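# pasted the sequence and its predicted model underneath.
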Amino acid sequence: MTTTDQDLPEFREMGIAAVRLLQGVLYADDQSAWDALLANESELTDYFARIGLVLIVDHGDEMAYLRQIEDDQRSHGYDRLPRLFRRTPLSFDATLLCVVLRDEYRRFEDEDLENERCVIDADMLFAIWKSFFPAAEDEVKLRKKMGTVLKRLEDLKFVRRFQESPEVWEIRLLLKARLPLSHLETLRDSLRESIEEAKST
């Protein structure tokens, strides 16, 4: 049995926002989807809660995304819901680059009063990145490794390529949301300890 136009419920604009959120983070520059989200925020919150998802809307930074309900909150039948989002822990290199990028975003917020977007030149990023590795490390391999990690973070919507030549990357607000300053220091110290141990072996 096929679905015809007559079988479909009446179209609602909130569907645009719902699909965008299921695809990933929604930013205000996606104007029609953002407007639909704001107009139907309460209903969308209830809708996603029924399938085990929490709608996070940051009105100040004008972004929204979904996260899975925490395990300790999955009671009253919600523990029976299959997970929509798989947990895929970041590798050491990806976590390290996230910390470097989040530090750059913090500096941008504190010091850059002229630009709306936080962007970083790939050469400058590489200079910071390679400082965490032994001086004898092959720079060509390090650069290739950083490029691979950047693509991974781009898939996660943490960064996006802002300019091709010279290569420039934009650090997205989602990284700020997922790695708050309260966690940054602890994570940085942990990574630094791991790096120092690796260098001494």
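Cool, the structure landed.
# list the buried ones in the lowest-mean-pLDDT helix or strand in the chain?
In the chain, the helix or strand scored least confidently by mean pLDDT, DSSP states H and E is helix 181-200, which has a mean of 71. Buried residues in helix 181-200, counting neighbours by 16 or more other CB atoms under 10 Å, are found at Leu184, Leu191. Any C-beta I mention is one placed from the backbone N, CA and C, and that applies to glycine too.
# can you check stretch 47-58 too?
Of the residues in stretch 47-58, those buried by neighbour count under the rule 16+ other CB under 10 Å are Phe48, Gly52, Leu53, Leu55, Val57.
# kindly report the same for stretch 140-159.
So stretch 140-159, judged by 16+ other CB under 10 Å, has buried residues Leu142, Lys145, Met146, Val149, Leu150, Arg152, Leu153, Leu156, Lys157, Phe158, Val159.
# now, which of those lie within helices?
The subset of the buried residues of stretch 140-159 located in helices under the criterion DSSP state H comprises Leu142, Lys145, Met146, Val149, Leu150, Arg152, Leu153.
# and the helices in this structure?
Taking DSSP H as the criterion, the chain carries its helices at 14-23, 31-39, 41-50, 92-111, 122-130, 139-155, 173-178, 181-200.
# Serialize those to CSV and add fields for distance to Glu164.
Rendered in CSV, the data for the helices of the chain read as follows (distance: least, CB to CB, whole Å):
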stretch, distance to Glu164
helix 14-23, 24
helix 31-39, 25
helix 41-50, 36
helix 92-111, 19
helix 122-130, 10
helix 139-155, 13
helix 173-178, 21
helix 181-200, 30
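# for Ser165, which of those helices is the nearest?
Comparing those by their distance to Ser165 (CB to CB), the top pick is helix 122-130, with 10.2 Å.
# just the ones of the buried residues of stretch 47-58 in strands?
Leu53, Leu55, Val57 (DSSP state E).
# which ones are touching the second one?
If a contact means CB atoms under 8 Å, 6 or more residues apart in numbering, then Leu55 has Leu21, Glu41, Leu44, Thr45, Phe48, Ala49, Ala64, Leu66 as its contacts.
# dump the residue contacts of Asn40.
With the criterion set at CB under 8 Å, 6+ apart, Asn40 makes contact with Arg12, Glu13, Met14, Ala17.
# where does pLDDT dip in the chain?
Low-confidence segments of the chain, defined by pLDDT under 70: 1-6, 70-88, 195-201.
# domains in it, by residue range?
Residue ranges of the domains in the chain are recorded as 5-80, 92-200, according to automatic domain parsing.
# I'd like the distance from the shortest one to the chain centre, please.
Averaged C-alpha coordinates place domain 5-80 at 16 Å from its chain's average position (CA atoms, centre = their mean, to the nearest Å).
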